[in-house]
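[1] My questions are about this predicted structure, shown below with the sequence.
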There are 2 protein chains.
Amino acid sequence: MARDPRHPADLRRPPAEVVLLSAGPGDLELLTLKAVRALQEAEVLLLDELVDPGIVELAPHARVVRVGKRGGCRSTPQAFICRLMRRYALQGLRVVRVKGGEALMFGRAGEEIAFLREAGVPVRIINGVSAAFAAAASLGVSLTHREHCHGVTFVTAHTADHGEPDWDALARGGTTLAIYMGMGRLAGIARALLAHLPAGTPAAVVQGASREDERLVVDTLGGLAEMQATHRGAPGVILVGAALGEAIGVATEAASCMERMVAS
Amino acid sequence: MARDPRHPADLRRPPAEVVLLSAGPGDLELLTLKAVRALQEAEVLLLDELVDPGIVELAPHARVVRVGKRGGCRSTPQAFICRLMRRYALQGLRVVRVKGGEALMFGRAGEEIAFLREAGVPVRIINGVSAAFAAAASLGVSLTHREHCHGVTFVTAHTADHGEPDWDALARGGTTLAIYMGMGRLAGIARALLAHLPAGTPAAVVQGASREDERLVVDTLGGLAEMQATHRGAPGVILVGAALGEAIGVATEAASCMERMVAS
């Protein structure tokens, strides 16, 4: 039987592990079996804002704490989230920290792992599906089509020191680019890349990959440079590179599923 | 009730879709719920050699066709696999093509999608967990720790034209590098990177990530350059970048779980 985390826990218990759980891009069917099992056993659930709220039904014994963070909005400070995880874990409670996408790509898992390790709290990580893969699945393309590239690079447009990524080196790397957290300045990123890549380079934007409200745009880098930023609501991923050229056929066939996000 | 695919199917049925299914890095608990559902409904299973054979138990109605491919070993030609998928799908049978890791990263999904699309066979893709994420989970590191990098690049050491990736640009991109299919020439890759990155750059090699026989080595780029290639059996991923420095504490604590793959 689950203990009630609202009451003081037995302090003689050793610290429980914290599970950093990847909830995937949206569709809860993309949770792994391992994630479902961890949710079933969870006693405290720390929930990102971007995760489908329906996930709580998979964690029937857990107290749910919402700790969403979102660019530009009011949010729970990272330090508070870390202390909350530590507190519950030191009480011996099974804490599951649910993160959108893949926990080990963006989302500050590195800082949380370091903090918990420092506090003597064991951490276990459960992998999942990151948004760019779900986006590629919807577009019907491989991110690494061998006729076009030899890999894929995932970058965030927001660096810790508020600098810009080295777009020149990234463009020259010969990989597909998957750019996260860039929707707010889509056109600016595209223009920065246009200094290093041809305007006709295939590109796509996918918001809410795998969700019911998913939106796909297939275009070129030059086309993206003329788009205006969309509303900030739906997080999206920007994909750039020759491999995206394979998506254009799909997009044309499925035009009714597509929306131009902007009338520029 | 499943039809028996050994008998001629009803040719009046429309072509069934082919599912390209990501089986993940090894541990079948890393399958998604969506993947498990597709396996339950599968009538023909085309199985990669690297996938845990236990997966067939999740597909009780399927005829299993083994189509493994492995570098340097006898393997089923890609063209034959494509024709096999088309043949069964045109018979109206539910074909699930099971691929190790994430179907849309390496593994030639791009060619298979193009072939099936050309043949008028619908393709559906089910995402999964790629080996580098499972490797990072075992190492207890984020691949994109924001104090160290602003992203991660996945490349294969084997390019379609048998050329080398542009290591200079990849090193300058400021991302963690996750190198696939490089175990056979580990030291050579490390030496190529040493022309562009310091010898003390943290690095790791993980073979069989998430499996029971997983092997972890945490070292530096200079250290990898002195390793000899290990046996070809277990596929591995090579990770290079400052973010891996966060793994060293783990590795030291868990020294008993680690093996030096070589005595160099």
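    Okay, I see it.

[2] residues touching the nearest residue to residue A:82 once chain neighbours are set aside, list them.
    Using C-beta to C-beta, 6 or more residues apart in numbering or on different chains and skipping residues adjacent in sequence, the residue nearest residue A:82 is residue A:115, 4.3 Å away. To be clear about C-beta, it is placed using only N, CA and C from the backbone, and glycine gets the same treatment. Each residue near residue A:115 by C-beta atoms under 8 Å, 6 or more residues apart in numbering or on different chains is listed here: A:82, A:85, A:86.

[3] and the first one, that's in a strand?
    No: the assignment for residue A:82 by DSSP: H, G, I helix; E, B strand; the rest coil gives helix, which leaves it out of any strand.

[4] okay, now it: neighbour count?
    Here the count is done by other C-beta atoms under 10 Å in any protein chain shown, and residue A:82 has 20 residues near it.

[5] and what of the second one?
    Under the neighbour criterion other C-beta under 10 Å, residue A:85 is assigned a count of 25.

[6] And it, how close does it get to chain B?
    Counting by C-beta to the nearest C-beta, to the nearest Å, the gap from residue A:85 to chain B is 15 Å.

[7] list the contacts for that residue?
    Taking C-beta under 8 Å, 6+ apart as the definition of contact, the neighbours of residue A:85 are A:18, A:46, A:95, A:97, A:112, A:115, A:116, A:121.

[8] what would those look like in JSON lines with pLDDT and secondary structure?
    Supplementary listing: those in JSON lines, determined by pLDDT from 0 to 100; DSSP: H, G, I helix; E, B strand; the rest coil:
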{"residue": "A:18", "pLDDT": "98", "secondary structure": "strand"}
{"residue": "A:46", "pLDDT": "96", "secondary structure": "strand"}
{"residue": "A:95", "pLDDT": "98", "secondary structure": "strand"}
{"residue": "A:97", "pLDDT": "97", "secondary structure": "strand"}
{"residue": "A:112", "pLDDT": "95", "secondary structure": "helix"}
{"residue": "A:115", "pLDDT": "95", "secondary structure": "helix"}
{"residue": "A:116", "pLDDT": "96", "secondary structure": "helix"}
{"residue": "A:121", "pLDDT": "96", "secondary structure": "coil"}
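
[9] What values do phi and psi take at the residue nearest to the spatial centre of chain A?
    For chain A, the residue lying nearest the average C-alpha position, counting by C-alpha atoms, centre = their mean, turns out to be residue A:101 (3.8 Å). When read as degrees, to the nearest 10, the backbone of residue A:101 gives phi 70, psi -140.

[10] pLDDT score for residue A:133?
    What the model reports as pLDDT for residue A:133 is 98.

[11] quick one on the thing from earlier: quick check, the residue nearest to the centre of chain A in contact with residue A:20.
    No: checked against C-beta atoms under 8 Å, the pair residue A:101 and residue A:20 is beyond contact range at 11.8 Å.

[12] Sketch out the low-pLDDT regions of chain A for me.
    Regions of chain A meeting the criterion pLDDT under 70 cover residues A:1-12, A:69-75, A:159-162, A:229-233, A:248-264.

[13] And the strands in it, which stretches?
    For chain A, applying DSSP state E gives strands covering A:18-22, A:44-47, A:63-66, A:95-99, A:123-126, A:151-156, A:176-180, A:202-207, A:215-220, A:236-240.

[14] What about residue A:118, how many residues nearby?
    11.

[15] got it, and residue A:63?
    When counting by other C-beta under 10 Å, one arrives at 17 neighbours for residue A:63.

[16] Let me know whether it touches residue A:56 as I believe.
    No: using C-beta under 8 Å, residue A:63 makes no contact with residue A:56, being 10.1 Å away.

[17] circling back to that earlier point, tabulate the strands of chain A (TSV), appending distance to chain B.
    Shown next, in TSV, are those (distance: least, C-beta to the nearest C-beta, whole Å):
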stretch	distance to chain B
strand A:18-22	8
strand A:44-47	17
strand A:63-66	21
strand A:95-99	10
strand A:123-126	4
strand A:151-156	3
strand A:176-180	8
strand A:202-207	13
strand A:215-220	14
strand A:236-240	11
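
[18] Please save the CA atoms from stretch A:103-121 in CSV.
    Extracted as CSV, the C-alpha positions of stretch A:103-121 are listed here (Å, rounded to 0.1, in the frame of the first residue of the first chain):
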residue,chain,number,x,y,z
ALA,A,103,15.3,13.0,-20.3
LEU,A,104,18.9,13.0,-21.5
MET,A,105,18.5,15.5,-24.3
PHE,A,106,17.9,19.1,-23.2
GLY,A,107,15.6,19.6,-20.2
ARG,A,108,18.4,20.1,-17.6
ALA,A,109,18.7,16.5,-16.5
GLY,A,110,22.5,17.0,-16.1
GLU,A,111,22.0,19.5,-13.4
GLU,A,112,19.4,17.4,-11.6
ILE,A,113,21.7,14.3,-11.7
ALA,A,114,24.6,16.3,-10.3
PHE,A,115,22.5,17.8,-7.5
LEU,A,116,21.0,14.4,-6.5
ARG,A,117,24.4,12.7,-6.6
GLU,A,118,25.9,15.3,-4.4
ALA,A,119,23.0,14.7,-1.9
GLY,A,120,23.7,11.0,-1.9
VAL,A,121,20.4,10.2,-3.7
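
[19] For that stretch, buried residues please.
    Residues A:103-117, A:119, A:121 are the ones in stretch A:103-121 that count as buried (16 or more other C-beta atoms under 10 Å in any protein chain shown).
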